[in-house]
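Predicted structure and sequence below. I'll ask about it afterward.
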Protein chains: 2
Amino acid sequence: MEKQEIVEKQKTMKDCSSKILAVRDALEIFSGKWKFPIIGALIHLQESGFKELQRMVGDITPKMLSKELKELEMNHLVKRTVLDTRPVTVIYSITEYGKTTQNIMYSLYEWGTKHREKIKEDMK
Amino acid sequence: MEKQEIVEKQKTMKDCSSKILAVRDALEIFSGKWKFPIIGALIHLQESGFKELQRMVGDITPKMLSKELKELEMNHLVKRTVLDTRPVTVIYSITEYGKTTQNIMYSLYEWGTKHREKIKEDMK
DNA sequence: TATACCAGTATCCTATAGGATACCATTAAT
DNA sequence: ATTAATGGTATCCTATAGGATACTGGTATA
């Protein structure tokens, strides 16, 4: 490699690795099997109770749902509201900040859909 | 709830849960800490050797890199080419199918960047 | 001749993700 | 009176993600 080439390459490398760091930051927030499904459900439903959310997300256990919701709340993506009824009503909803994940959600949904179609094709 | 309302709700639920399934399909492919960083690096670099890729992705161990690359290869997102030089040269590159993940990659990158900025703001 | 690069593999280890199951108090419906 | 729904918590368990460290055989470089 020539000197000039090497300098170019190193610039590319730095540029790339800083982008990767941003991706890793995002992934940390959305880590695990259930964060995106939960966010997706809440975006779609606007708001939901615990059990309803559990049914919607699929086969998540209450333990996991509870844990994931706490993490999402900590990161200000989800809001938990307790209404003083009897028995208490709890409402989970997506925050404005949570809504900023819509691009990710949609691109995941879109890719997943196409991927499923592709798998079907490949099996023929 | 009135009958009409219930019917509406059930439609919403079905609609939503099928979307969530697509998201879960996608997540299965990209599971773990390293798939997106690796794909991101390969999109950016076009092609790369093993060690170069390792440096680029960050602090991934060779064991994990090797494992993740195999999974990505199995899912046709990454291609491994061995050149018959001595010692052998191995080139990892992104496939055309791999490039279909660009929307996801970009939205993750974008969100991660903004999120990092937000965290900085919040700390002030 | 010692050191360093390449592309990984092998071995060992631990934390935790995540499932299964049971349970709680409260209230409304049958 | 019993069943079911609500919003979870408690306990137990296992698989595996993923880190740390060492190593290999071949080559080229200092």
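Great, that's in hand.

Once you drop chain neighbours, what's closest to whichever residue of chain A sits closest to DNA strand D?
Of all residues in chain A, the one sitting closest to DNA strand D is A:G49 (2.7 Å; CB to the nearest atom of the strand). C-betas here are computed from N, CA, C, even on glycine. Leaving aside its sequence neighbours, A:G49 sits nearest to A:V90 (CB to CB, 6 or more residues apart in numbering or on different chains; 6.1 Å).

Does chain B have contacts with stretch A:110-124?
Yes. Applying CB under 8 Å from any CB of the partner chain, one finds stretch A:110-124 touching chain B at A:110-116, A:118.

nearest to DNA strand C, of those residues?
The nearest member of these to DNA strand C, counting by CB to the nearest atom of the strand, is A:G112 at 16.4 Å.

check contacts around the closest one.
If a contact means CB atoms under 8 Å, 6 or more residues apart in numbering or on different chains, then A:G112 has B:21-27 as its contacts.

Kindly identify which of those residues also come near chain A.
B:21-27.

how about TSV for those residues, with pLDDT added?
Formatted as TSV, those follow (pLDDT from 0 to 100):
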residue	pLDDT
B:L21	97
B:A22	98
B:V23	98
B:R24	98
B:D25	97
B:A26	98
B:L27	98
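
Generate a ChimeraX selection restricted to the buried entries among the residues you listed.
Restricted to buried positions by 16 or more other CB atoms under 10 Å in any protein chain shown, the ChimeraX selection for the ones next to chain A among the contacts of A:G112 reads:
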select /B:22,23,24,25,26,27
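
and the longest helix for chain A?
For chain A, the longest helix by residue count, based on DSSP state H, is helix A:3-29.

May I see the buried residues of that helix?
By neighbour count with 16+ other CB under 10 Å, helix A:3-29 contains the buried residues A:13, A:16-17, A:19-20, A:22-27, A:29.

same thing with stretch A:36-46?
Applying a neighbour-count criterion of 16+ other CB under 10 Å, one finds A:36-45 buried in stretch A:36-46.
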